[in-house]
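Trainee: I would like to see how this sequence folds:
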Amino acid sequence: MKSFTHTDKNIKCILVGISFIFLVSFPAKSPAGQNEDTSGDIFKDLSGGVRFSVGVQDSILKALENNPVVAIQRLAPQKAMTAVDEQRSAFDPQVSVSATKSKTKTEAQLGTRPEPLQLTTDRSRISIGISETLPTGTSLSASTNINGSVSSLYTDQFSGNIEISLTQSLLQGFGTGANLANLRKAKIDLDISQAELKAVAENLVASVEKAYWSLYLTKEEISIKKESLSLAEKQLNESIERVSVGKLAEIELAAVNAEVASRREALIEAQSSYEKARLQFLYLLNPQGEDLWTMAPVTVDKPFVPEDGMDAVSVHEELGLKYRADLQQARLSMEQGELDVQQTKNGLLPRLDFFLTYGKSTYAESFSDAMPDMGSPYSSLSSGLTFTLPISNRKAKAKYEKSNKSVEQMELSLKNMERLVELDVRSAYIEALKSRQMIEATRVTRELQQKNMDAELEKFRVGKSTNFLVLQAQRNFTASKIDESAAMVGYLNALINLYQMQGTLLERRGIESLSGR
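Mentor: Below you'll find the model as predicted:
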């Protein structure tokens, strides 16, 4: 019996020695600060710049104002507007002014004179005209001119003319449908560019909101994991005390030290995730400052459950079919295709033009007396038809066939896109419903995990539990707190996706104009 007691004491001494060596190698990190504090932010030097507080709505407005992607896209409608002006110019009136003067010297045989007579002639002409093409296929022009001839042989002659001309297309080129097609397509291009700008802005707003909540969530995770590390360190200190009084075996300290190290790693990961979220948020916001990447944004808004978050799925689906920017672009492209059909169909017709010209002339021996006069008795009138018929007209037929096939293709694409929009909206709706229910579920889980952790700790203190069970309960509690915060953020992100899928995100954020300053 004595020999057994002696052996037991030797084993106990060996265990104490092993524990002493382990504690020296892996010292406990006390929250009181007796040892080095490794729970601090090792990335703090990367974000030591200007701190600024920002809310969700303010973040959205700053991003729309400063983000270069939106600034670039804002130029697209302006470029499209120049194309509209270019097409309008086809119907602008044109004024032409010309002045010519010439002098000739020739020889002429007159009658029976043996010697030829030298003849000099000075000719001059001044002309002013205005012309305009109308969307109806009508061309109008009016011109006036004065011609003069001063000769060394003949009597000086001057004449003035006023002429009005009209040409009307009767088949090809007739009517506003064909003649305004290019202008209407240019205006549709303008609408398409505005829809593209809206889509870009919606993507940016969605990204900014998600980045904001990601920044909030990663900061919250740091806080939770610091608390988790503190719990583990507290458990380690309590375990050391219990070892010192002989209530706990020294070998138990290895598991607790390993857990402390693991939670320290998790904290470093959380800090790294926060820094990445901070950089992404700054990239989207693009705040003005000397050193963008060291700025430290401070989120002032907390996750919340919007009162008007969700309606019936049919309402969201109807909104998506009406407001989705890509669907609007597809419908506008369809309108352009229909204009192409109308334009190329007109090109199949032969050319038949009616023309009418009426003029008045005056004649005099001096420039001043030859001024054009509508009251002159000398007039001219001409009218007629011009008909042109291509033999095969293969080019026009090919264009018409191509435009028809393009419209048919766009019709099918539009129907398919509408189905995709319905799918997107319904999928986003399901995700939002699930995320909304996860908020309450994670709250209940967190409360139960906290009770379980407290119970395991109490049992440990009376010797009815182990460090392993206490640490596992702490891990479960930490995970449940993170899940609760993530559930709230997940619901907000799900709503953002739902609003983006139905194309109403900007309107719901109170953004009505993207024209900029």
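Trainee: C-alpha only now, for contacts and for neighbours.
Mentor: OK.
Trainee: ok so R419 is a strand residue?
Mentor: No: under DSSP: H, G, I helix; E, B strand; the rest coil, R419 sits outside any strand and is assigned helix.
Trainee: gap between L153 and F387?
Mentor: From L153 across to F387, the span is 46 Å (C-alpha to C-alpha, to the nearest Å).
Trainee: need the strands for the protein, in chain order.
Mentor: 51-54, 94-108, 117-133, 138-151, 157-169, 296-299, 351-364, 378-388 (DSSP state E).
Trainee: relative to strand 351-364, how tilted is the fourth one?
Mentor: Between strand 138-151 and strand 351-364, the angle formed by their directions is 30 degrees, by axes from the mean of the first three to the mean of the last three C-alpha atoms, to 10 degrees.
Trainee: Which neighbouring elements make contact with strand 138-151?
Mentor: Judged by 3 or more C-alpha pairs under 8 Å, 6 or more residues apart in numbering; DSSP states H and E, the packing partners of strand 138-151 are strand 117-133, strand 157-169.
Trainee: so which of those strands gets nearest Y363?
Mentor: For the helices and strands packed on strand 138-151, proximity to Y363 was assessed by C-alpha to C-alpha; strand 157-169 is nearest, at 4.4 Å.
Trainee: Report the strands that pair with that closest one, each with its relative direction.
Mentor: Here strand 157-169 is paired, per DSSP bridges, with strand 138-151 (antiparallel), strand 351-364 (antiparallel).
Trainee: Minimum distance to T466: which of those strands has it?
Mentor: Per C-alpha to C-alpha, nearest to T466 of those: strand 138-151, 97.7 Å.
Trainee: Please convert the strands paired with strand 157-169 to CSV, extending it with distance to R125.
Mentor: Output for the strands paired with strand 157-169, formatted as CSV (distance: least, C-alpha to C-alpha, whole Å):
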stretch, distance to R125
strand 138-151, 5
strand 351-364, 14
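Trainee: Test my guess that A364 contacts A370.
Mentor: Yes: counting by C-alpha atoms under 8 Å, A364 touches A370, with 5.1 Å between them.
Trainee: Give me the common contacts of those two.
Mentor: F158, S159 (C-alpha atoms under 8 Å, 6 or more residues apart in numbering).
Trainee: So for the two, which residue has more residues nearby?
Mentor: Set side by side, A364 and A370 show more neighbours around A370, with 21 against 15, by other C-alpha atoms under 10 Å.
Trainee: can you pull the contacts of that one?
Mentor: Contact analysis of A370 by C-alpha under 8 Å, 6+ apart lists I146, F158, S159, G160, T362, Y363, A364.
Trainee: neighbour-wise, which of those leads?
Mentor: Of these, with other C-alpha under 10 Å as the count, G160 tops at 25 neighbours.
Trainee: need the contact list for that one.
Mentor: Residues near G160 by C-alpha under 8 Å, 6+ apart: T144, N145, I146, N147, S361, T362, Y363, A370, M371, P372, D373.
Trainee: What is the end-to-end distance of stretch 168-183?
Mentor: End to end - C-alpha to C-alpha - stretch 168-183 spans 20 Å.
Trainee: What are the contacting residues of it?
Mentor: Contacts for stretch 168-183 (C-alpha under 8 Å, 6+ apart): 84, 87-88, 135-139, 339-340, 342-343, 346-355.
Trainee: What remains of these if I keep only buried residues?
Mentor: Burial by neighbour count, 16 or more other C-alpha atoms under 10 Å: within the contacts of stretch 168-183 this picks out 84, 87, 135-139, 339-340, 342-343, 346-353, 355.
Trainee: Narrow the residues you listed to those in helices?
Mentor: Using DSSP state H, the members of the buried ones among the contacts of stretch 168-183 that fall in helices are V84, Q87, L339, D340, Q342, Q343, N346, G347.
Trainee: farthest-separated two in the contacts of A370?
Mentor: So, these by C-alpha to C-alpha: farthest apart are I146 and A364, at 10.6 Å.
Trainee: Please tell me how far Y212 sits from I439.
Mentor: Taken as C-alpha to C-alpha, the span from Y212 to I439 is 19 Å.
Trainee: try I224
Mentor: 18 Å.
Trainee: before we move on, the earlier item: can I get the strands paired with strand 157-169 in JSON lines including mean pLDDT?
Mentor: As requested, these are arranged in JSON lines below (pLDDT from 0 to 100):
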{"stretch": "strand 138-151", "mean pLDDT": "91"}
{"stretch": "strand 351-364", "mean pLDDT": "92"}
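Trainee: Which among those is found nearest to G463?
Mentor: Taking the strands paired with strand 157-169 one by one with C-alpha to C-alpha, strand 138-151 is closest: 103.5 Å.
Trainee: between that closest one and strand 94-108, what angle do the directions make?
Mentor: Using the same axes, to 10 degrees: strand 138-151 against strand 94-108 is 30 degrees.
Trainee: and strand 138-151 with strand 117-133, angle?
Mentor: 160 degrees.
Trainee: contact partners of strand 138-151?
Mentor: By C-alpha under 8 Å, 6+ apart, strand 138-151 touches 119-134, 156-169, 367, 370-372.
Trainee: The residue nearest to D291 when sequence neighbours are not counted: what's it in contact with?
Mentor: What sits nearest to D291 in space, not counting adjacent residues and going by C-alpha to C-alpha, 6 or more residues apart in numbering, is G49, at 7.4 Å. Contacts for G49 (C-alpha under 8 Å, 6+ apart) come out as D291, T294, M295, A296.
Trainee: list the contacts for the spatially most central residue of the chain?
Mentor: For the chain, V200 is the residue whose C-alpha lies nearest the centre (C-alpha atoms, centre = their mean; 0.8 Å). V200 sits next to V69, V70, Q73 when contact means C-alpha under 8 Å, 6+ apart.
Trainee: any weak-confidence spans in the stretch 251-400 of the chain?
Mentor: Nowhere does the stretch 251-400 of the chain drop to pLDDT under 70.
Trainee: Now do the helices in it.
Mentor: With helices called from DSSP state H, counting those that start in this stretch, the stretch 251-400 of the chain shows them at 252-285, 313-323, 325-347, 394-461.
Trainee: if we compare the ones you listed, which one ends up closest to L514?
Mentor: Among these, helix 325-347 comes nearest to L514, with 14.0 Å by C-alpha to C-alpha.
Trainee: Please name every helix or strand in contact with the closest one.
Mentor: Here helix 325-347 touches helix 176-179, helix 181-244, helix 394-461, going by 3+ C-alpha pairs under 8 Å, 6+ apart.
Trainee: Make CSV from those and add distance to F477 to it.
Mentor: Below are those laid out as CSV (distance: least, C-alpha to C-alpha, whole Å):
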stretch, distance to F477
helix 176-179, 71
helix 181-244, 9
helix 394-461, 5
